[in-house]
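Novice: when you get a sec, could you give me coordinates for this:
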Amino acid sequence: MYQQLEQAQQFHQLHQQAHPLILVNAWDAGSAQTIQEAGALAIATGSWSVAHAHGYEDGEQLPFELVLANVQRICKHSDVPVTIDIEGGYGQTPEQIQHNVIQIIQCGAVGINMEDRLRAGDGLYSIQQQQAHLRAACAAADEMSIALFINARTDIFFQAAVETHDHTHLEATIQRAHAYAEAGAHGIFVPGICDEQLIRELCQQSPIPVNIMFSAEMPSISTLTACGVARISYGPHPYLQLMDALKQSSIRALAGQSF
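Specialist: Here you go, the predicted structure:
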């Protein structure tokens, strides 16, 4: 437990605007070990990759007992801080979410991602509802006496077409960043945002460190650093890249060619 407490403090310190934390998202213990061997300072899972690696769709379709078993294996074989994507918290009430977060912590994790997307996939929880969910996660951390890093994800940009992104989306995101910080979140995760000026303004106005998800449409890492981004994650892209490589190798092998 002492090592976990140290890792929790370390993970908080890794979120710096001048040196953003790069997270290549893992999906199981093997991928986590490989990413750690490459020099990663922390391990993060992505719910989409974890679900598909287990044969399920994203959106809390993966049974929570499998989530916990996967977390436990990843933490057991990792020497760096581990943060877990738990989607919406796998609970319909704050009490259920608190209970689930306690179990995540007991598995060894020191951080979580929790999103405001409705389980059905369309629309977001109200600010007040999501604040209640985040406070439940904080209560779990308090109960376990650990400085759990709570990364609050908002899907405002993610659920809108890129060509429609404007300051209306930015203002709504900043409003949620302030509300989520008030509820105890330590970071704001905004997947889907890719316009440099919008990212810069978000970083300037957010009260907590900004996490974005890298994609081909994004500015360079150096530009994101200059904008003030403190955390850059890769979401499902590492899994998709590896699965594509496996598919192409399998096609060659099954055609009688060299693997």
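Novice: so residue 172 touches residue 159, yeah?
Specialist: No. Judged on CB atoms under 8 Å, residue 172 makes no contact with residue 159 at a distance of 11.1 Å. All C-beta spots, glycine's among them, are computed from the backbone N, C-alpha and C.
Novice: for the chain, what spans make up the strands?
Specialist: Taking DSSP state E, the strands of the chain run over residues 21-23, 43-44, 82-85, 111-115, 149-153, 187-189, 210-213, 231-233.
Novice: would CSV of those with distance to residue 241 and mean neighbour count be doable?
Specialist: Output for the strands of the chain, formatted as CSV (distance: least, CB to CB, whole Å; neighbours: other CB atoms under 10 Å):
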stretch, distance to residue 241, mean neighbour count
strand 21-23, 15, 21
strand 43-44, 16, 28
strand 82-85, 18, 26
strand 111-115, 21, 25
strand 149-153, 22, 25
strand 187-189, 21, 25
strand 210-213, 15, 25
strand 231-233, 15, 22
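Novice: and the helices in the stretch 1-150 of the chain?
Specialist: 2-13, 29-37, 47-53, 64-76, 94-106, 127-144 (DSSP state H, counting those that start in this stretch).
Novice: actually, the stretch 151-259 of the chain.
Specialist: 167-182, 196-205, 221-227, 237-254.
Novice: so which elements touch the shortest one?
Specialist: This means helix 221-227. helix 196-205 (3 or more CB pairs under 8 Å, 6 or more residues apart in numbering; DSSP states H and E).
Novice: average model confidence for the helix it packs on?
Specialist: If you average the pLDDT over helix 196-205, you get 98.
Novice: what separation is there between the residue nearest to residue 173 when sequence neighbours are not counted and residue 256?
Specialist: Spatial nearest neighbour of residue 173, excluding adjacent residues (CB to CB, 6 or more residues apart in numbering): residue 156 at 4.9 Å. Counting by CB to CB, to the nearest Å, the gap from residue 156 to residue 256 is 50 Å.
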